[in-house]
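*Asks:* have a look at this fold, sequence not included:
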């Protein structure tokens, strides 16, 4: 499908500016999202000491957030498609900043669990709205690049979180640290409301797949699409790595390697910051080279990541552990847009919230299970067993890479006879 000619006020330069400004604002919003979310990993040793918690109980703090975050994904997709991106993003950002502050005021472990659950509800409505914002404000051929920059926050947030949170905990304690983080979220909310540009006209941001004519698919058909759920399973296996390392590496360095809190913050930050570059690079590579050939690229990346995780698990020194961890999570960053790229090209903006909520649901299954499973393995066996779980799930991701569609035209959301009437052609969903 050829793009509509540009007329009126929507020049190519304005379209690029809209995409660029959207990309920057969403990068900032996702970064504070990740800082607030993963600050708990740096605070777990202090929280565990204050409340007398086992590692399994500490993992439950992360898992409680993740379970309710997971449950919100699909409803959040409906809300984003119903109300657009701007208002849901602002409301959720303000709410999660409030619950971040209340986390620091919790007087009992039960209240702390409740605050993490409410924090999860508020953050759980954000991803679908942000994917909706990208779809509304970019053209299909640039969505993977823009989304790659947005999702580079998965490195920016966890990367800067230890550098911010560790010194704050050392200086003012974990409780006051969460109060300061809440203030940062409120400031980002002001920027989002003030600067997020208006959406592109529908004729410019409509999805296009090859030369096939679009057909109608309902939200129910999108939710039931087996191929979207295959991407969700793939994202689940990949996301075990991110949640597992972010949650448990700080505790591992402090307890098993006897590294100071300040050094732990620095060592935990390095791998995350590397993923900033690799996630952005992965989005560009997808748009430029791999939109029609993702399987072998993805399988190679995940296989290499699994090998590096194995070397990390059995590293004999802290330096070796950090080097292998950095290489593993950095390489894994290249795979992010192999998961999101095809659906973002095929889904029209009207159904992006619903469709991407399916993918994010799969990723958050990992968020709900990885911290708790690794905490139990560390309690019952050792940190070696806990990190070994990540090797297994990353190998599974390499296998699942050959299960998902290879090209945009292979991602079907409904049914349409092809030109000969003998088969099914590619499908684009519309509301």
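*Replies:* That came through, no problem. Here the structure is a predicted model, which is why all the values come from computation and not from measurement. Residues are numbered from 1 along each chain as shown.
*Asks:* and for residue 50, the neighbour number?
*Replies:* Close neighbours of residue 50, defined as other CB atoms under 10 Å, add up to 14. Any C-beta I mention is one placed from the backbone N, CA and C, and that applies to glycine too.
*Asks:* repeat for residue 187
*Replies:* Here the count is done by other CB under 10 Å, and residue 187 has 12 residues near it.
*Asks:* tell me how far it lies from residue 295.
*Replies:* 42 Å (CB to CB, to the nearest Å).
*Asks:* next: residue 354.
*Replies:* Using CB to CB, we find residue 354 at a distance of 25 Å from residue 295.
*Asks:* more neighbours, the two?
*Replies:* Neighbour count, other CB under 10 Å: between residue 354 and residue 295, residue 354 has more, with 27 against 16.
*Asks:* in the helix or strand harbouring the more buried one, what's buried?
*Replies:* Assigned by DSSP states H and E, residue 354 falls within helix 349-380. Neighbour-count burial for helix 349-380, counted by 16 or more other CB atoms under 10 Å, picks out 349-378.
*Asks:* check contacts around residue 149.
*Replies:* By CB atoms under 8 Å, 6 or more residues apart in numbering, residue 149 lies in contact with 23, 27, 279, 280, 283.
*Asks:* just confirm the second one contacts residue 154, I think it does.
*Replies:* It refers to residue 27. No: using CB atoms under 8 Å, residue 27 is not in contact with residue 154; the gap is 10.6 Å.
*Asks:* which of the two has more neighbours?
*Replies:* More neighbours surround residue 154 than the other of residue 27 and residue 154, with 24 against 19 (other CB under 10 Å).
*Asks:* what about the more buried one, which helix or strand?
*Replies:* For residue 154, the element it lies in under DSSP H and E is helix 153-195.
*Asks:* mean confidence for that helix?
*Replies:* Regarding helix 153-195, the rounded mean pLDDT is 84.
*Asks:* do stretch 28-36 as well
*Replies:* Computed over stretch 28-36, the average pLDDT equals 87.
*Asks:* ok, now stretch 346-363?
*Replies:* When pLDDT is averaged along stretch 346-363, the result is 84.
*Asks:* re earlier: the helix holding residue 154: how far from the chain's middle?
*Replies:* Chain-centre distance of helix 153-195: 18 Å, with CA atoms, centre = their mean, to the nearest Å.
*Asks:* packing partners for it?
*Replies:* Counting contacts by 3 or more CB pairs under 8 Å, 6 or more residues apart in numbering; DSSP states H and E, helix 153-195 packs against helix 12-51, helix 86-103, helix 226-255, helix 261-285.
*Asks:* nearest to residue 401 among these would be which one?
*Replies:* Across the helices and strands packed on helix 153-195, residue 401 has its closest neighbour in helix 226-255 (7.0 Å, CB to CB).
*Asks:* counting contacts, what elements does the helix holding residue 354 pack onto?
*Replies:* Checked by 3+ CB pairs under 8 Å, 6+ apart, helix 349-380 has helix 55-83, helix 126-137, helix 219-224, helix 226-255, helix 336-346, helix 383-400 packed alongside it.
*Asks:* please identify the most buried of those.
*Replies:* Per residue and on average, the most neighbours among the helices and strands packed on helix 349-380 fall to helix 126-137, with a mean of 28 (mean count of other CB atoms under 10 Å).
*Asks:* and it, what does it pack onto?
*Replies:* Counting by 3+ CB pairs under 8 Å, 6+ apart, helix 126-137 packs on helix 12-51, helix 55-83, helix 86-103, helix 143-151, helix 202-205, helix 336-346, helix 349-380.
*Asks:* now the angle from that helix to helix 153-195?
*Replies:* 60 degrees (axes from the mean of the first three to the mean of the last three CA atoms, to 10 degrees).
*Asks:* and helix 126-137, how far out from the chain's middle?
*Replies:* Between the centre of helix 126-137 and the centre of its chain there are 13 Å (CA atoms, centre = their mean).
*Asks:* same deal with stretch 221-237?
*Replies:* Relative to its parent chain, stretch 221-237 has a centroid offset of 15 Å by CA atoms, centre = their mean.
*Asks:* which regions of the chain sit below the pLDDT cut-off?
*Replies:* Along the chain, the model assigns pLDDT under 70 to residues 1-9, 202-217, 408-410, 412-431.
*Asks:* coming back round to it: need the helices and strands packed on helix 349-380 in TSV (columns: distance to residue 180).
*Replies:* TSV is the format used below for the helices and strands packed on helix 349-380 (distance: least, CB to CB, whole Å):
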stretch	distance to residue 180
helix 55-83	19
helix 126-137	21
helix 219-224	39
helix 226-255	18
helix 336-346	29
helix 383-400	30
